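Colleague: Predicted model, plus sequence, below.
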Amino acid sequence: MAGSNGRQKTVRDMILSLALIGLAAGFIYLLVPHDDHAPDVKRVDYRVELLTARRAASYPVAAPEGLPSTWKATSVRFQGEESDRWHLGFQDPEGQYVQVEQSAQKRSDFIDQASQGGSATERTERIGGRTWTRYTGGRYDALVLEGTPGSTTVVAGTASFDRLTKMAAALKTG
C-alpha cells in the first residue's frame, strides 16, 4: 500500500500544477488588451493634392463636394507619371471603403485595376445628369462614368451601390 500513496501524491501535484498554469494563463489573458473594433482611421486633407492634380492632369479631375462630415477622406495621391492617375479614398458613415479613381490609362485595364477584377453589368444609372455603368464580381463593386474620352472615372469600394451612387453624385470637376 505504500506505492499507492506516492501515486496519489503525484496525481494531486499534477492537478495543482494544472490549476496554477490555468490561473497564470487567465491572469495573462486579462492583461492583454482585447479591442475588437477596427482602429480609428485618420482623416486626411486632400485640398493641396487636388489643386496639384487639377493643374497637372490632362482631364478634369473630380472630387466630392457637399458630402457630410461623416464621410472621412483617408487617402489621396496623384501620379502624373502613371497616366495622370488620381486617387481619393474615403471611409463612408458605415465604415466601408469608397474610392474615386481617374486616369488617362487604357480604359479596360484601368477599370480592371480600380474595381479589382469587376465586370460590366447591363445596368446603367443616371447620376447627376451623367450615365454610369455598374461593375460587379471583383473585390470592389464599381460605377464607371461613360462618355469621357481621354480619361476614365471610377467610383468603387466595399460600400453598397447606394453609397457609391452618393459619392458619384457629389463629384465635381474644377
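Modeller: Cool, got the structure.
Colleague: measure the residue sitting nearest the centre point of the chain to residue 125 for me?
Modeller: Centroid-nearest residue in the chain, with Cα atoms, centre = their mean: residue 97, separated by 3.5 Å. Noted for residue 97: a distance of 20 Å to residue 125, by Cβ to Cβ, to the nearest Å. No exception for glycine: its C-beta is placed from N, CA and C like everyone else's.
Colleague: Now that the residue nearest to the centre of the chain has come up, it's in contact with residue 91, right?
Modeller: Yes: using Cβ atoms under 8 Å, residue 97 is in contact with residue 91, at 6.5 Å.
Colleague: residues in contact with the residue nearest to the centre of the chain?
Modeller: Residue 97 is in contact with 74, 89-91, 140, 157-159, counting by Cβ atoms under 8 Å, 6 or more residues apart in numbering.
Colleague: hmm, try it at 7 Å
Modeller: 89, 91, 157-159 (Cβ atoms under 7 Å, 6 or more residues apart in numbering).
Colleague: Using the three-state scheme, assign residue 124.
Modeller: Assigned with DSSP: H, G, I helix; E, B strand; the rest coil, residue 124 falls in the strand class.
Colleague: Now do residue 69 against residue 76, distance only.
Modeller: Counting by Cβ to Cβ, the gap from residue 69 to residue 76 is 17 Å.
Colleague: Repeat that for residue 26.
Modeller: On the measure of Cβ to Cβ, residue 26 and residue 76 end up 46 Å apart.
Colleague: Would you check how far apart the residue nearest to residue 44 when sequence neighbours are not counted and residue 168 are?
Modeller: Distances taken as Cβ to Cβ, 6 or more residues apart in numbering put residue 73 closest to residue 44, at 5.1 Å, once the chain neighbours are dropped. The gap separating residue 73 from residue 168 is 16 Å, by Cβ to Cβ.
Colleague: ok, now residue 77?
Modeller: Residue 77 is 20 Å from residue 168, where distance means Cβ to Cβ.
Colleague: neighbour count winner among the two?
Modeller: Between residue 77 and residue 168, residue 168 has the larger neighbour count (other Cβ atoms under 10 Å), namely 24 against 13.
Colleague: Run through this protein and note the low-pLDDT ranges.
Modeller: 1-6, 35-39 (pLDDT under 70).
Colleague: which residue ranges form the strands in it?
Modeller: Ranges of strands in the chain, per DSSP state E, are 62-64, 72-79, 85-91, 97-103, 119-127, 130-136, 141-145, 152-157, 171-173.
Colleague: where does residue 139 fall, phi/psi-wise?
Modeller: Per-residue torsions, residue 139: phi -60, psi -30 (degrees, to the nearest 10).
Colleague: And residue 158, by the same measure?
Modeller: Dihedral angles for residue 158 - degrees, to the nearest 10 - are phi -90, psi -10.
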